[in-house]
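Enquirer: Fold the stuff below for me.
(2 chains)
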Amino acid sequence: MKESAASLNFIEHIIEEDLANGFPQDKLRFRFPPEPNGYLHIGHAASICLNFGLGEKYNAPVNLRFDDTNPAKEEQEYVDAIKKDIAWLGFKWANECYSSDYFQQLYDWAVQLIKEDKAYVDQQSSEEIAAQKGTPTTAGTPSPYRNRPIAESLDLFERMKNGEFSAGSYLLRAKIDMASPNMHMRDPILYRIVNAAHHRTGTDWCIYPMYDWAHGQSDYIEQVSHSLCTLEFKSHRELYDWYLDQINDSNLLRPKQREFARRNLSYTVMSKRKLLELVQKKIVAGWDDPRMPTISGLRRRGYTPESIRKFSDVSGISKRDNVTDVSLLEYCIREDLNKRATRVMAVLNPVKLVITNYPEGNTEMLSMENNPEDPNSGTHEVPFSRELYIEREDFKEDGGKKFFRLSLGNEVRLKSAYIIKAESVVKDKDGNILEILCTYDPESRSGSGTEASMRKVKGTLHWVSIDHAIKAEVREYDRLFLDEAPDSHEDKNFLDFVNPESLRVIKEAYLEPYLSNATLDDKFQFQRLGYFTLDTDSKEGQLIFNKTVGLKDTWAKQSQQATPQAQKAAPAPSNQGKRKALNEIQQISKKLTNFSGDKLESALSSILDLAEEVSYEELEPLFNTAAKKVGTRIGVMLSLGVLLKKGQARNEAINSFIEAGLADDNELLKREAEKVNSL
RNA sequence: UGGUCUAUGGUGUAACUGGCAACACGUCUGAUUUUGGUUCAGAAGAGUCUAGGUUCGAGCCCUAGUAGACCAACCA
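Expert: Numbering: from 1, shown residues only, chains lettered A, B, ... in the order given. Predicted coordinates:
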């Protein structure tokens, strides 16, 4: 359900407008039309949520239609995976349809087109046809077979269908306009001969319709009212409409195609071809590798359907190119898992801790809340004893004031257990810490209600009893690519940006015994570490956990900032490299007054660099920049300085521009004007 | 170099038929906290790509630029 106050996206505006113009709401019908040649990914989720969301919003049916017109690439495996993913996301389709269901109807319509002299059989090679097609800037030339007699085309087309010809020898083309500025209108192909078994129709057919011929007609057959697709199909719309014109019965509903931008996610790729390449080159373990942006990968990683729907909802729909920050996706899954994940303890990088005043051989069972966010979630028991593991990072001999964890002489609480104090450490001869010796306060047990148990201490650590711990493998994931948009570089292949450390396997992590009963459906929070879920590779007695996402970690951020190595992101060269220098200077300049420190310095120096490519003639008009546009004036001042240094002579215009700068209230502008004035 | 589309804080989207540029993420403070999580309170951050025009008034309309995307598969 959509919240009523929510603003509408442009597709919803179109539908509202259609409704306002008298389109009956009960005629609204949508469809999601995947090609079964790969797995669904988070980008498809946008389209799925759009179409099925519209269906829910307007109480309209939504078909799942497999666009299966290319037997060479399509497989039943993909059909099954796609259905599973959509169902998992929680959507119900009205009908399960296949373009292949309409092959006979499509064939009949094609025959009709030939009879009306709107289609003809061609018999040239693909090279010849491509050459005749022309280019976007030059018109094409007609095929020599364009005016083949109708009867001949009819005969040939039937023989194509009957399997008399080899693949590639003949095709059926629409007769439209070889000079159209729209390449898709230059006699597009309707049918080609393909000798491959189809996953549903087997070898019944040896001619197969092209996308354009199949898609719009399928929409029409199913009486889809709004056919939504991604932007790259925009230029197909003219052909979509032309085909519909040829067969349209005015008593029936005529579908309309509308296009929206596909959704991209930072630090990953979102094309089936590239995803397939990652699978085939074994860079990932499969389509459902938890690092993949596929629905199945995200599911295996521990994402919930709710989180993905939320992400789609909050990302919106529009017509501009976009790269959505993966942090938005992570926010959505954290928000969901925080409410539902069972809190447990696990130590991934252990160091031994001995409580010297705790009785040897003693074990007590402590109670731990399953989820503090949910009062009805209950508790479970966790064993405590004299020898424990804690995280190595949770101890420092001398932690300093801002270190809230365990250090020598300081107290800290063991979550749901006792308050302990570190007394000494045992090291090997290289200085590595072997064990931490502590004492505990027997009065301080969690929930005991004693005064000692209420004491405030600086930090709380998670832990696990060595004797009772179970071992498991834990897999931690990092982004698959090191670049924000790995496939946006003309000069580099996306594979160049693969992150070599995207998978980190911890062979032996220590978990509280409660986890031995974990199932694939369970969601856990390993306290203070993140959200984890069982991986499908797990076997009896060999648990494997995937880290879905870490907790927000402000401490990690702080300690990273403290270390000077901070590899400050150099201003991304991005895809604006070809922008004219002056234009870029204007872009940077306007933000100047908002910058300070490093950012300001780096902006100023990029302006100086860019100014090397600017001529005086280009720059002079900008002397008239409005007084309030201080940033731009600073940028112009800087550029002027560069020109003067290169020998540009001072003139009236220059002098008055500098004068104005000197007299300005803005410190930075004044300063730069002074510098330039003294050149 | 032809056609089509797009341009709003760092990111993603809003802003109804022209009327104070809003929301979320992210960032930064502070409070609470037996998770450096959550929650709560707050802050910073936008000359709405540029230059003109119409208008009492333009993110929105017009003109001209600029930048980016898409289009020349017997793929979808």
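Enquirer: which bits of the stretch 201-350 of chain A sit near RNA strand B?
Expert: Counting by Cβ under 7 Å from any atom of the strand, the residues of the stretch 201-350 of chain A close to RNA strand B are A:208-211, A:214-215, A:231-236, A:261, A:263, A:266, A:314-325, A:327-328, A:330-331, A:334-335, A:338, A:343. All C-beta spots, glycine's among them, are computed from the backbone N, C-alpha and C.
Enquirer: Among the residues you listed, which are located in strands?
Expert: Among those, the members falling in strands (DSSP state E) are A:208, A:209, A:343.
Enquirer: beta partners for the first one?
Expert: To tie it back to what came earlier, the one meant is residue A:208. Beta-bridge pairing for residue A:208 (DSSP bridges): residue A:192.
Enquirer: Not counting sequence-adjacent ones, nearest residue to residue A:73?
Expert: Nearest residue to residue A:73 in three dimensions, chain neighbours excluded: residue A:37, at 4.3 Å (Cβ to Cβ, 6 or more residues apart in numbering).
Enquirer: Equivalent analysis for residue A:117, please.
Expert: Spatial nearest neighbour of residue A:117, chain neighbours left out: residue A:150 (5.9 Å); criterion: Cβ to Cβ, 6+ apart.
Enquirer: Surely that neighbour touches residue A:115?
Expert: Yes - counting by Cβ atoms under 8 Å, residue A:150 touches residue A:115, with 6.3 Å between them.
Enquirer: Now for the two: what residues contact both?
Expert: Common neighbours of residue A:150 and residue A:115, counting by Cβ atoms under 8 Å, 6 or more residues apart in numbering, are absent.
Enquirer: Next, the contact list for the residue positioned nearest the centre of chain A, please.
Expert: Closest residue to the average C-alpha location of chain A: residue A:265 at 2.6 Å, with Cα atoms, centre = their mean. Taking Cβ under 8 Å, 6+ apart, we find residue A:265 in contact with A:42, A:43, A:293, A:323, A:324, A:326, A:329.
Enquirer: Just the buried ones from the residues of the stretch 201-350 of chain A next to RNA strand B, in ChimeraX syntax?
Expert: Buried members of those, defined by 16 or more other Cβ atoms under 10 Å, are picked up in ChimeraX with:
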select /A:208,209,210,211,214,215,233,236,263,266,315,317,324,330,331,334,343
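Enquirer: Just give the closest residue to residue A:217, not the sequence neighbours.
Expert: Nearest non-adjacent residue to residue A:217, counting by Cβ to Cβ, 6+ apart: residue A:106, 6.0 Å away.
Enquirer: need the strands for the stretch 151-300 of chain A, in chain order.
Expert: A:171-174, A:189-193, A:207-209, A:226-230, A:256-260 (DSSP state E, counting those that start in this stretch).
Enquirer: could you check the angle strand A:256-260 makes with the fourth one?
Expert: The directions of strand A:226-230 and strand A:256-260 differ by 30 degrees, with axes from the mean of the first three to the mean of the last three Cα atoms, to 10 degrees as the criterion.
Enquirer: quick one: average confidence on strand A:226-230?
Expert: For strand A:226-230, mean pLDDT rounds to 98.
Enquirer: can I assume residue A:433 is in contact with residue A:424?
Expert: No - the criterion here is Cβ under 8 Å, and residue A:433 misses it with residue A:424 at 10.6 Å.
Enquirer: any common contacting residues for the two?
Expert: Shared contacts of residue A:433 and residue A:424, defined by Cβ under 8 Å, 6+ apart, are absent.
Enquirer: Return the helix or strand in chain A with minimum mean pLDDT.
Expert: Least confident helix or strand, chain A: helix A:581-589 with a mean of 70, by mean pLDDT, DSSP states H and E.
Enquirer: Give the buried residues for whatever helix or strand comes next after it.
Expert: Counting by DSSP states H and E, the element after helix A:581-589 in chain order, helix or strand, is helix A:597-611. Residues of helix A:597-611 classed as buried: A:603, A:604, A:607, A:610, A:611 (neighbour count, 16+ other Cβ under 10 Å).
Enquirer: swap in stretch A:18-32?
Expert: Residues of stretch A:18-32 classed as buried by neighbour count (16+ other Cβ under 10 Å): A:18, A:23, A:28, A:29, A:30, A:31, A:32.
Enquirer: ditto for stretch A:353-364
Expert: Residues of stretch A:353-364 classed as buried by neighbour count (16+ other Cβ under 10 Å): A:353, A:354, A:355, A:358.
Enquirer: One more: stretch A:363-378?
Expert: For stretch A:363-378, burial by neighbour count (16+ other Cβ under 10 Å) applies to A:366, A:368, A:369, A:370, A:371, A:377.
Enquirer: For those residues, give me JSON lines that also has secondary structure.
Expert: Formatted as JSON lines, the buried residues of stretch A:363-378 follow (DSSP: H, G, I helix; E, B strand; the rest coil):
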{"residue": "A:366", "secondary structure": "strand"}
{"residue": "A:368", "secondary structure": "strand"}
{"residue": "A:369", "secondary structure": "strand"}
{"residue": "A:370", "secondary structure": "coil"}
{"residue": "A:371", "secondary structure": "coil"}
{"residue": "A:377", "secondary structure": "coil"}
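Enquirer: Of the residues you listed, which are in range of RNA strand B?
Expert: Applying Cβ under 7 Å from any atom of the strand to the buried residues of stretch A:363-378, those adjacent to RNA strand B are residue A:371.
Enquirer: Could you provide the buried residues of stretch A:363-378 in a markdown table, with additional columns for pLDDT?
Expert: As requested, the buried residues of stretch A:363-378 are arranged in a markdown table below (pLDDT from 0 to 100):
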| residue | pLDDT |
| --- | --- |
| A:366 | 97 |
| A:368 | 97 |
| A:369 | 96 |
| A:370 | 98 |
| A:371 | 97 |
| A:377 | 95 |
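Enquirer: Include distance to residue A:93 when you put the buried residues of stretch A:363-378 into a markdown table, please.
Expert: What follows is the buried residues of stretch A:363-378, written out as a markdown table (distance: Cβ to Cβ, whole Å):
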| residue | distance to residue A:93 |
| --- | --- |
| A:366 | 49 |
| A:368 | 43 |
| A:369 | 41 |
| A:370 | 36 |
| A:371 | 34 |
| A:377 | 34 |
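Enquirer: Break down the stretch 151-300 of chain A into its helices, ranges please.
Expert: Secondary structure of the stretch 151-300 of chain A (DSSP state H, counting those that start in this stretch): helices at A:211-222, A:237-247, A:272-280, A:295-301.
Enquirer: Thank you, goodbye.
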